[in-house]
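Student: I would like to see how this sequence folds:
(2 chains)
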Amino acid sequence: MSRVPTPITLSRPPDNRRALRRRRAGEAAMAWTFVSPAVLIILGLSVVPIVWSLLLSFQADDLVTPSRWVGLDNYRALAQDPHFSQALRNTVLYTALYVPTSMAVGLLLALALNRRIRFVGLYRTLFFVPFVVSATAQGVLFSFILDPEFGAANAVLHHLGIPSQGFLTDPSQALPVLVAISLWSGTGFCLVIYLAALQDVPASLIEAARLDGADRLQLLRHVTLPALRPVTVFLLLWQIIQSLQAFDLVYVTTKGGPLGSTTVIVYFIWEQAFKNATAGYGAASAYVLAVALGLIGLILQIVRRRLRGAAV
Amino acid sequence: MTAVSAPPDAAQAASSARTGTRRRLPRPRFSAWHLLLAPMALLFAVPLIWLALSSVMSNAQINRFPPALWPSHPDLDGYRYVLGNAMFPRWFANSFLVSLVTVTANLVLGTLGGYAFARMRFAGSRLLLGLMLATMAIPFQLTMIPTFLVMKQLGLIDSLGALIVPSLVTPFSVFLLRQFFLSLPRELEEAAWIDGCSRLRVLWRIVLPLSRPALSTVAVLTFLSTWNDLTWPLIAINHDTQYTLQLGLTTFQGQHHTQWAAVMAGNVITVLPVLLAFLGAQKAFIQSITSTGLKG
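Tutor: Next comes the predicted model:
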């Protein structure tokens, strides 16, 4: 900018308009130069794979030898595969346990932090820090803490006189334990989003309700919670997407076991495609997941529009 | 995206203005909420404290029942082992390189794309933007198998290139920057443009200096997702010289199951960069998350 000032507006040539038009024409070429890397990479690595995935899902393919067209056989086999239905059940259970709990605890903590008390910053930091820890690191850390023989968790239970637990090695405990680990890392996200939304609730609204004689509980029920509804719908969508796509933590801790009790759907897809070399089958199950995610997204998008319409 | 553009001071002023009516009341000595918050905070902190403690314990202390809960003679043997005998330094460098290139590429390509979509006129721009937005809804699992095949065709499998190329620019980066550029006043750029500044120059000299909040959001979120990713490296990389830290850590854990102190030292090395980045720029981190979250 420092070199611009010399001929700014004083003696602009009369063919200014035509020059501008010529520049506009050159602009399209410039714009294409600007967007083409992004367009090529993003569309190239999404549109091509989507179509390819669809084609794959109609084939038997081991990623090495030429594939063979099998029509809808993969989808038919999926419908009858007990491992796939177990993966679906595990994923739904994981989601049903994780999503509401993370949101409820996040909201409770946000309400507690949205007032003038000491150490708000410290609390927020402590609750949010696990969110930046990778699922791999979480998995390795908790495999250690929850190790049946050498883990700190059983040591603490031992001191309390409680018998040792299997945790991730116990088929009836493994999935709830994974939910607990996810809550450790994911609740802070809900907390931070809710806290920001709470600070956006207009003070005038709260004052008005107070003047009308509303007590704390009424204030929460009739003013605060309704104001948080759009954020709640966003969080619901976000958390559901996250939990339906859970993979890293499962891979690091249980590899889907024991006895398939933690095989979630993405683990199933990965196993089929990259471990069992049945890529077509994996692609078909990925399509089932994508359609489910799309439907959930669509429903919540409609709910969101309605809410926005009601708010105006 | 207005939340991104609001300077932090203004947000603070607004929030203190909101609570201003209650300021004259004396500060409560002790809030009952601490009875809920303090134990919860402890529960959240304990695993990370335990991570740090066990990384300086001896294996003898860990491998007995019940294991010790406090290091009696803290030593750095675990760190010595992972830095000397294992490939952690190599994996760290790999992760660092992949993150650096990915973040830089997202900033450059996201800025160029975002600016063109925000300010320049060209045929098909709306359609392209719509398509790019739609791709944000595609789950990674749907594209991962063909992306693997594409990378194989390109000969990139088992190299860091396979980790970098698919995330050189994400639709998220383009869209977030476009929204931010739209919120800037147009007049400044147009004056400079009419006076003969090239688009690139306008972008570099006028737009970018105003865009630091949006650029840091893109950088923070891209770094977090690249550094922490396991799924894609697991698929694209076989040879241990090309591992990232996350992939190296989980493999190392599988192979050294009884050397917990070394595993935890490796874990600390994996977590520390993100943790330090977070603690150093906490405000920017949380603002990035909430600004995208609340508008998303």
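Student: spatially nearest residue to the residue in the stretch 151-296 of chain B positioned nearest to chain A, not counting backbone neighbours?
Tutor: Nearest to chain A, among the residues of the stretch 151-296 of chain B, is B:N228, at 3.6 Å (CB to the nearest CB). (Each C-beta comes from the backbone N, C-alpha and C, glycine too.) The shortest distance from B:N228 to any non-neighbouring residue, by CB to CB, 6 or more residues apart in numbering or on different chains, is to A:S134 (3.6 Å).
Student: relative to A:L141, how far out is that neighbour?
Tutor: The gap separating A:S134 from A:L141 is 10 Å, by CB to CB, to the nearest Å.
Student: and for A:F84?
Tutor: The value you get for A:F84 to A:L141, if CB to CB is used, is 31 Å.
Student: those two: who's more crowded?
Tutor: Higher neighbour count among A:F84 and A:L141: A:L141, with 27 against 21, using other CB atoms under 10 Å in any protein chain shown.
Student: quick check: pLDDT value at residue 285.
Tutor: Assuming you mean chain A. Per-residue pLDDT puts A:S285 at 93.
Student: let me rephrase: I mean chain B.
Tutor: 83.
Student: what's the closest non-adjacent residue to it?
Tutor: Nearest non-adjacent residue to B:F285, counting by CB to CB, 6+ apart: B:F278, 5.3 Å away.
Student: show me what contacts the residue nearest the centre of chain B?
Tutor: The centre of chain B sits closest to B:L224, judged by CA atoms, centre = their mean, with a distance of 1.5 Å. Listed by CB atoms under 8 Å, 6 or more residues apart in numbering or on different chains, the contact partners of B:L224 are A:132, B:274.
Student: need the phi and psi values for it.
Tutor: When quoted as degrees, to the nearest 10, the phi and psi of B:L224 stand at phi -60, psi -50.
Student: and stretch B:210-220, anywhere near chain A?
Tutor: No. Stretch B:210-220 lies out of reach of chain A by CB under 8 Å from any CB of the partner chain, never closer than 9.8 Å.
Student: buried stuff in that stretch?
Tutor: By neighbour count on 16 or more other CB atoms under 10 Å in any protein chain shown, the buried set for stretch B:210-220 is B:210-211, B:213-220.
Student: tell me the secondary structure for the closest residue in space to A:F58 that isn't next to it in sequence?
Tutor: Spatial nearest neighbour of A:F58, chain neighbours left out: A:G71 (5.9 Å); criterion: CB to CB, 6+ apart. State at A:G71, reduced to three classes by DSSP: H, G, I helix; E, B strand; the rest coil: coil.
Student: quick one, phi psi at A:G71?
Tutor: Per degrees, to the nearest 10, the backbone of A:G71 is at phi 60, psi -130.
Student: how near is the residue minimising distance to the centre of chain A to B:L156?
Tutor: Nearest to the mean C-alpha position of chain A, counting by CA atoms, centre = their mean, stands A:Q242 at 2.8 Å. Computed as CB to CB, the A:Q242 to B:L156 distance reads 28 Å.
Student: tell me the pLDDT at A:L289?
Tutor: 93.
Student: hang on, isn't it packed against A:I265?
Tutor: Yes. Using CB atoms under 8 Å, A:L289 is in contact with A:I265, at 5.4 Å.
Student: quick check: neighbours shared by those two?
Tutor: Common neighbours of A:L289 and A:I265 (CB under 8 Å, 6+ apart) are A:L244.
Student: could you give the number of residues near the nearest residue to A:A152 once chain neighbours are set aside?
Tutor: Among residues not flanking A:A152 along the chain, A:I145 sits closest, at 5.1 Å (CB to CB, 6+ apart). A:I145 has 20 neighbouring residues, counting by other CB under 10 Å.
Student: what's near enough to touch A:I145?
Tutor: Applying CB under 8 Å, 6+ apart, the residues near A:I145 are A:151-153, B:47, B:50.
Student: burial count for residue 222?
Tutor: In the absence of a named chain, chain A is used. Neighbour tally, A:H222, other CB under 10 Å: 13.
Student: other chain: chain B
Tutor: 23.
Student: pretty sure it is touching B:T170, no?
Tutor: Yes. If you go by CB under 8 Å, B:T222 and B:T170 touch, sitting 7.3 Å apart.
Student: joint contacts of these two?
Tutor: B:N106.
Student: shaky segments in the stretch 201-312 of chain A?
Tutor: Along the stretch 201-312 of chain A, the parts satisfying pLDDT under 70 run over A:310-312.
Student: interface residues of it facing chain B?
Tutor: Residues of the stretch 201-312 of chain A lying close to chain B (CB under 8 Å from any CB) are A:203, A:207, A:231, A:234-235, A:238, A:241, A:245, A:247-248, A:251-252, A:266, A:269-270, A:273-274, A:279, A:282-283, A:286-287, A:289-290, A:293-294, A:297.
Student: what subset of these is buried?
Tutor: Here the buried ones among those, as counted with 16+ other CB under 10 Å, turn out to be A:203, A:231, A:234-235, A:238, A:241, A:245, A:247-248, A:251-252, A:266, A:269-270, A:273-274, A:279, A:282-283, A:286-287, A:289-290, A:293.
Student: filter these down to just the ones in strands.
Tutor: Counting by DSSP state E, no part of those is found in strands.
Student: restricted to helices, list these.
Tutor: With helices taken from DSSP state H, the overlap with these comprises A:203, A:231, A:234-235, A:238, A:241, A:248, A:251-252, A:266, A:269-270, A:279, A:282-283, A:286-287, A:289-290, A:293.
Student: could you say what helices and strands the helix or strand that contains A:L298 packs with?
Tutor: Assigned by DSSP states H and E, A:L298 falls within helix A:279-311. Other elements packing on helix A:279-311 under the criterion 3 or more CB pairs under 8 Å, 6 or more residues apart in numbering or on different chains; DSSP states H and E are helix A:47-56, strand A:59-60, helix A:73-80, helix A:229-244, helix A:265-270, helix B:140-153.
Student: okay, the ones you listed, which one's buried deepest?
Tutor: Of all the helices and strands packed on helix A:279-311, helix A:265-270 has the most neighbours on average by mean count of other CB atoms under 10 Å in any protein chain shown, namely a mean of 25.
Student: export that one as CSV, just CAs?
Tutor: Output of helix A:265-270 as CSV, limited to C-alpha atoms (Å, rounded to 0.1, in the frame of the first residue of the first chain):
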residue,chain,number,x,y,z
ILE,A,265,-19.8,-49.4,12.1
VAL,A,266,-16.7,-47.5,10.9
TYR,A,267,-14.5,-50.2,12.5
PHE,A,268,-16.6,-52.7,10.5
ILE,A,269,-16.1,-50.7,7.3
TRP,A,270,-12.3,-50.4,7.8
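Student: what's in contact with it?
Tutor: A:83-84, A:87-88, A:90-91, A:244-247, A:250-251, A:255-256, A:282, A:285-286, A:288-289, B:141, B:231, B:234-235.
Student: now stretch B:57-74
Tutor: A:149-152, A:154-156, A:158-159, B:53-54, B:56, B:75, B:77-78, B:258-261.
Student: list buried residues within these.
Tutor: Buried members of the contacts of stretch B:57-74, counted by 16+ other CB under 10 Å: A:150-152, A:154-155, B:53-54, B:56, B:77-78, B:259-261.
Student: as CSV, these with distance to B:Y243 and pLDDT would be great.
Tutor: Shown next, in CSV, are those (distance: CB to CB, whole Å; pLDDT from 0 to 100):
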residue, distance to B:Y243, pLDDT
A:F150, 26, 81
A:G151, 26, 85
A:A152, 28, 87
A:N154, 31, 89
A:A155, 32, 86
B:L53, 27, 90
B:S54, 23, 89
B:V56, 25, 90
B:D77, 23, 86
B:G78, 19, 88
B:Q259, 18, 85
B:W260, 20, 87
B:A261, 21, 88
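Student: what is the most widely separated pair among these?
Tutor: A:N154 and B:D77 (24.2 Å; CB to CB).
Student: quick one: which of the contacts of stretch B:57-74 sit in helices?
Tutor: Within the contacts of stretch B:57-74, residues falling in helices by DSSP H are A:152, A:154-156, A:158-159, B:53-54, B:77-78, B:260-261.
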